[in-house]
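*Asks:* return a 3D structure for these sequence lines:
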Amino acid sequence: MNPRRHRTKATRRPPARRRTRRPSRGRQRADDRLIGLLVAVVLAVALAVTVVNWLLTHWWLLVALGVLAALAGGAWLHQKQQRARWEAARAQGLRYALPQLDALHHARFEDAVRDLMHRDGCQDATRVGGSGDLGADVKATDPYGRRWVIQCKHRRNGLAGSAVGTPDLQILNGTARQVHGADIAVIVTNGRVTAPAVAFAKQQRLHVIDRHTLGVWASGSSPLWELLRAVPPPRKPTSLS
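*Replies:* Down below sits the predicted model:
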């Protein structure tokens, strides 16, 4: 027997087994999510079918719910209209006496001016006064489409308080039109206005509401634009034009 051949047969290795590929964890998770989604869809469809069949069987319940919804909607609309009528009546009857205005905090004075503009028909009248207001305490658009920017100067002592001077008008003149887009720029005070300030206002097409004009406006029902001279023409035609 040939020893070389014997050694070769003895050292021959058995053929290696092929490894079977197992699915990766990411693939397995994706498959699990897909199966879960399909199960959820099937359950949702089954639930929807069950609910529809139940509602078809109990159709009278749908009718009852519709009637209740209509009643609730009608009641809500009625209350909204009633509140609007009450608000309109309150606004039309809004009056302030000068002693009332004198006693207000300066922020509440701005609120009063806003409410008076709202009474006059400016539905968007807003108080914007505060730090960084850039010369505008109240903004409003009147029924004729004109944009109002109002600076408020409250004096607790009324006529005895410090007078509104030219520097106050200069601030308004520098921001009302350029920054706030005003058609009508107004400064209103329950105190005094200096003669130079009045002259400056005329030169720059600004409007000054002094204590006397404020008293007439606040105690009556005439809109502010009927108390001022040389206001710009309406921007848009209205029923009031």
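
*Asks:* so what sits opposite Ile184 in the bridge?
*Replies:* Beta-bridge partners recorded for Ile184 (DSSP bridges): Trp148.

*Asks:* just the pLDDT at it, thanks.
*Replies:* On the pLDDT scale, Ile184 is placed at 96.

*Asks:* and the gap between it and Pro223?
*Replies:* According to Cβ to Cβ, to the nearest Å, Ile184 and Pro223 sit 12 Å apart. C-beta: built from backbone N, CA, C; applies to glycine.

*Asks:* same thing with Asn53?
*Replies:* Asn53 is 63 Å from Pro223, by Cβ to Cβ.

*Asks:* for Ile150, same thing?
*Replies:* For Ile150, the distance to Pro223 - Cβ to Cβ - is 13 Å.

*Asks:* looking at these two, which is more packed in?
*Replies:* Remark: of Ile150 and Pro223, Ile150 carries more neighbours, 30 against 18, as counted by other Cβ atoms under 10 Å.

*Asks:* doesn't that one belong to a strand?
*Replies:* Yes: counting by DSSP: H, G, I helix; E, B strand; the rest coil, Ile150 falls inside a strand.

*Asks:* just confirm it contacts Ala140, I think it does.
*Replies:* Yes: if you go by Cβ atoms under 8 Å, Ile150 and Ala140 touch, sitting 7.5 Å apart.

*Asks:* common neighbours of these two, please.
*Replies:* The contact sets of Ile150 and Ala140 overlap at Met117 (Cβ atoms under 8 Å, 6 or more residues apart in numbering).
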